[in-house]
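J.: Okay, here's the prediction I keep looking at, along with the sequence it came from:
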Amino acid sequence: MARRIPMVDYLVLDEEGPTLVAHECVFCKALYFERRNACAHCGADVFTPRKLARTGVVTSFTIVHRSAPGVHVPFFSVVVALDGGGSVKATLRDIDVDPDLITPHFPVELTTFVAGVDSEGDQAVAFAFRPRFGCGTDDEAPGTEGVMTSA
Amino acid sequence: MRDDVWIVGVSMTKFGRYPDKDIIDLSSEAARAALADAGVPLSDIEFLAFGTTSETNNASQRLMAQIGYRPIPAFNVANGCATGAVALRLCIQSILAGEASMALAVGAQVMGKAGLLGNASRGGKDGAKPFIRRGRWGTVMSIEGRIGTGTFPGTFSHAGMEYALENDVTFDQFAKVAVKNHEHSRLNPLAQYRRAFTIEEIKGADMVSYPNTVPMCCPTTDGSAAVVVVSSERLATLDIDQRRRAVKISASSIQSQPWSESESIQPDLNTLTRQCAARAYEAAGVGPGDLDLVELHDCFASAELMHYDNLGLCEPGGAGDFIDSRAPWRDGTIPVNVSGGLLSKGHPIGATGLANVFEVATHLRGEAGDRQIDNATVGLTHVLALGSTCAVHILERAAT
């Protein structure tokens, strides 16, 4: 049976919905997503998993028109400052690809989509963000999480 | 600096595309021209540093195999877009350490039409094999375009738009940077491109990564540059004309990025530039208001605009107003990238940090021809390597 597997280690898919889980330095509380040898801030080498908020605000963006082969363009790439701490980069979906729509502190929420399917039929599920309060899309209530299946 | 180090020879090849040349061909031309400019033979060189990022292994030795063997310390340097500046820094250190009294820094790169640099080159695979989790991020397929972008244009566009959101910068203001640099390049016979564009042409060109269209992105480039430096004691032994044309290196500041929480997902290109520049200004005893010209790292138009602020050329948050005021044009209050910058002069990665020094030194000597900034006495060069390394050098015309 085909499985749904997170595209990256730090995305967790379970009954609570999609969650980003960072490595938190137990000493200075710095957050990281990738495998660590030590904390780049304080040098400690002890980390604990920390679930991050599913909501945040856009701190920077670009609209990519030239990308890797096979990547659908144009697309929004955004950096999101998550509520409660942590920054993450992702695509922004469910919004017209128009730079004028992004305003300072633009609110977004986590979503997921199927990014690819392997030779066994397993689906790679990636995370993305979508507008939290509308911005020209079909609105959902703030704080809801949806799973999109468009690749 | 503790003691003075002086530039006595500079050169750069014409930047462009040379499908029939390799980095040794180009660096041989630049090295020999810098030695000729200095009026010294290769046999006087006591230390050599060669910067290039693609064929770094034994680059110095392969250069000497073509232009003349020397039994001297020779270092091969790769430090991203700061490579050439780091090669110069090694030469400065060799002199300050007393290891050499005259040193040669060379940088070269052959890039051809490399296309997008960064994650895009890794592409994506879908449906080919079973997914296997790989690497530090535990990915099962390429993240480019699926979890944001990590291409060079994407990363520098992100950085520019962060500044834009914070400071209300417009697409037109980013585009004006490219209008300026392409216009400036018309006066530079060594530039890869020498074509002016209207702002409508800049904005209407193919978009690469908003806000940067094609002419707002540096091209890939083949080219080389070289610089000969000497100690004060050695300078005193040279003839009057060599001493008159000498350019003082008042500051050589290099640093890697400090920690920031977002560093692994989106590099902070501002803090290290600000810290590096502050150290350079302090060492040289000058401030931004003393600068007669600046060659800064405009790999993308969005980068140049941010660096107006990072280098203290404008009021905090005022980079958009700064370009609107035409202050960084060649007839403005602080001319920036009168060479045409990376956007139009070109960006052969290993050579760029030395080509900037060539440009500023040539103006300080009063030898820049049609593009000369009159009475230039103090100039600044800046390069930034994603990953990240920043280098700032401050140069001053000799008092004699």
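T.: Alright, I've got the coordinates.

J.: who are the neighbours in contact with residue 30?
T.: No chain specified, so I'll use chain A. By CB atoms under 8 Å, 6 or more residues apart in numbering or on different chains, residue A:30 lies in contact with A:24, A:39, A:40, A:41, A:42, B:259, B:261. C-beta: built from backbone N, CA, C; applies to glycine.

J.: try again with chain B
T.: B:11, B:12, B:13, B:106, B:108, B:224, B:225, B:226, B:351.

J.: for stretch A:116-130, the distance to its chain's centre please.
T.: Distance, stretch centre to chain centre, for stretch A:116-130: 13 Å (CA atoms, centre = their mean, to the nearest Å).

J.: Any idea how far apart the tips of that stretch sit?
T.: Using CA to CA, to the nearest Å, the end-to-end distance of stretch A:116-130 comes to 19 Å.

J.: Do me a favour and average the pLDDT over it.
T.: Average pLDDT, stretch A:116-130: 95.

J.: for stretch B:85-98, same thing?
T.: 98.

J.: Buried residues, that stretch. List them.
T.: By 16 or more other CB atoms under 10 Å in any protein chain shown, the buried positions in stretch B:85-98 come out as B:85, B:86, B:87, B:88, B:89, B:90, B:91, B:92, B:93, B:94, B:95, B:96.

J.: Closest to residue A:49 out of those?
T.: Closest approach between the buried residues of stretch B:85-98 and residue A:49, by CB to CB: residue B:86, at 38.6 Å.

J.: before we move on, the earlier item: among the contacts of residue B:30, name the ones in strands.
T.: Of the positions in these, B:11, B:12, B:106, B:108, B:224, B:225, B:226 sit in strands, assigned by DSSP state E.

J.: Which residue of chain B lies farthest from its centroid?
T.: Largest separation from the mean C-alpha position in chain B: residue B:130, at 43.0 Å (CA atoms, centre = their mean).

J.: For that one, which residues are in contact?
T.: Applying CB under 8 Å, 6+ apart to residue B:130 gives the contacts A:118, A:119, A:120, A:122.

J.: which among these gets closest to residue B:397?
T.: Closest approach between these and residue B:397, by CB to CB: residue A:118, at 63.3 Å.

J.: returning to what we had before: quick check, nearest of the contacts of residue B:30 to residue B:213?
T.: residue B:351 (25.1 Å).

J.: Any idea how many residues pack against the closest residue to that closest one other than its chain neighbours?
T.: Excluding the flanking residues, the one nearest residue B:351 by CB to CB, 6 or more residues apart in numbering or on different chains is residue B:107, at 4.0 Å. By other CB atoms under 10 Å in any protein chain shown, 36 other residues sit near residue B:107.

J.: for chain B, what spans make up the strands?
T.: Counting by DSSP E, the strands of chain B are B:5-12, B:47-51, B:74-77, B:102-109, B:207-209, B:212-213, B:223-231, B:247-256, B:293-295, B:378-385, B:389-397.

J.: Show me which of the contacts of residue A:30 are buried.
T.: Among those, the ones that count as buried by 16+ other CB under 10 Å are A:24, A:39, A:40, A:41, B:261.

J.: Now intersect those residues with the strands, please.
T.: Counted as lying in strands by DSSP E, out of the buried ones among the contacts of residue A:30, are residue A:24.

J.: Turn the buried ones among the contacts of residue A:30 into TSV, columns for pLDDT and distance to residue B:201.
T.: Conversion of the buried ones among the contacts of residue A:30 to TSV gives the following (pLDDT from 0 to 100; distance: CB to CB, whole Å):
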residue	pLDDT	distance to residue B:201
A:24	97	49
A:39	96	48
A:40	95	43
A:41	96	45
B:261	85	40
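
J.: for the buried ones among the contacts of residue A:30, which one is nearest residue B:7?
T.: residue A:40 (36.2 Å).
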